[in-house]
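# from the sequence below, what's the structure:
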Amino acid sequence: MTAVTYPRVIASEFTKLHSLRSSRISLLMALGLVVGLGLFVPWLSVTDWRDGTPTAGYNAVERSLSGIYLAQIAFGVLGAMVVTGEYATGSIRSTFAAVPRRRIVLAAKAAVCGGAALAVGLVASFAAYLSGQIAIRGTAIPAASLGDPPILRAVLLTGVYLGATALIGVGIGTIVRHSGAAIGVRDHSSREGEFVEVGARGIHEARRVRMDSSSRTGRRLGSPASATR
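Got it, this is the predicted structure:
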């Protein structure tokens, strides 16, 4: 009889994660969201940028990484489904029959899911950063260099955050043991609804030039001198 060891459990969980279509879709969706919005939001800034607009308040890294507010949903779903998927199909019984020590199973699931999410998150964050830099290349918008420690730290921690989001999903899935409930609890606990506000703020900031122009016109029309005319 083959001894049950932690590396063997890790290998088993990796096979499960790789073989599930839903896990591949979640990771690809998250990658596409981060990179796609990392290109789209800076490109939107470029299209609305006007000569003479101050660049001091523009944060190129923040715009490039704005896709995480949507991508974290996919990472959270992935983490929850790693656990709840087996409860839904009943295969969790076979897993616990092969590995009676549940802590080892949970640790292996967390290690595999967290490692995969961390790897994809780091790739996505660096790809989004590069996409954003390509979008603003040759414009008046200042570029952000990875040689600057705060910028490198922001890009790295974005990938780490996405990996941690998947681990939160694993933990909630372990407690709730139901896919729909775990996803609902996870979304509510992390206040996913804030991505609407943050995403809108990013787009509005990208249109800052147009808003500045309108506000200057409004101030001129609303001045006391114009009111007396």
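# okay, CA-based contacts and neighbour counts for the rest of this
Will do.
# so, low pLDDT: which residues of this protein?
1-3, 48-58, 140, 177-229 (pLDDT under 70).
# wait, what's in contact with the residue nearest to the spatial centre of it?
In the chain, the residue lying closest to the centroid (C-alpha atoms, centre = their mean) is Ile68, at 2.5 Å. Shown in contact with Ile68 (C-alpha atoms under 8 Å, 6 or more residues apart in numbering): 33-34, 158, 162.
# tell me the phi and psi of it?
phi -70, psi -20 (degrees, to the nearest 10).
# the longest helix in the chain is where?
helix 102-136 (DSSP state H).
# for this protein, what spans make up the helices?
6-19, 21-48, 60-64, 68-89, 92-98, 102-136, 149-176, 179-189, 194-206, 208-221, 224-227.
# chain center to the third one, what's the gap?
What that stands for is helix 60-64. Chain-centre distance of helix 60-64: 13 Å, with C-alpha atoms, centre = their mean, to the nearest Å.
# and if you look at the fourth one?
Distance, stretch centre to chain centre, for helix 68-89: 13 Å (C-alpha atoms, centre = their mean).
# same check on stretch 94-108?
30 Å.
# dump the C-alpha coordinates for it into CSV.
Included here for stretch 94-108 are C-alpha records, laid out as CSV according to Å, rounded to 0.1, in the frame of the first residue of the first chain:
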residue,chain,number,x,y,z
SER,A,94,-13.3,9.6,-1.6
THR,A,95,-10.7,12.3,-0.7
PHE,A,96,-11.2,11.9,3.0
ALA,A,97,-11.3,8.1,2.7
ALA,A,98,-7.8,8.2,1.0
VAL,A,99,-6.5,11.0,3.4
PRO,A,100,-8.4,10.8,6.7
ARG,A,101,-6.5,13.7,8.2
ARG,A,102,-8.6,16.6,7.0
ARG,A,103,-6.0,19.2,7.9
ILE,A,104,-3.6,17.8,5.4
VAL,A,105,-6.3,17.9,2.7
LEU,A,106,-7.1,21.5,3.5
ALA,A,107,-3.5,22.5,3.6
ALA,A,108,-2.8,20.9,0.3
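# how about it: buried residues?
95, 99, 104-106, 108 (16 or more other C-alpha atoms under 10 Å).
# between those, which sits nearest Ser145?
Distance to Ser145, by C-alpha to C-alpha, is smallest for Ala108 among those, at 36.9 Å.
# so what's the closest one closest to, chain neighbours aside?
Ile10 (5.1 Å; C-alpha to C-alpha, 6 or more residues apart in numbering).
# tell me how far the residue nearest to Arg102 when sequence neighbours are not counted lies from Val4.
The shortest distance from Arg102 to any non-neighbouring residue, by C-alpha to C-alpha, 6+ apart, is to Phe96 (6.8 Å). Distance, Phe96 to Val4, using C-alpha to C-alpha, to the nearest Å: 12 Å.
# please apply the same query to Val35.
Taking C-alpha to C-alpha, one finds Val35 at 40 Å from Val4.
# looking at those two, which is more packed in?
Val35 (26 against 11; other C-alpha atoms under 10 Å).
# so the more buried one makes contact with Ala127?
Yes. Counting by C-alpha atoms under 8 Å, Val35 does reach Ala127; the two are 6.0 Å apart.
# roughly how far is stretch 13-27 from the heart of the chain?
Taking mean C-alpha positions (C-alpha atoms, centre = their mean), stretch 13-27 and its chain are 18 Å apart.
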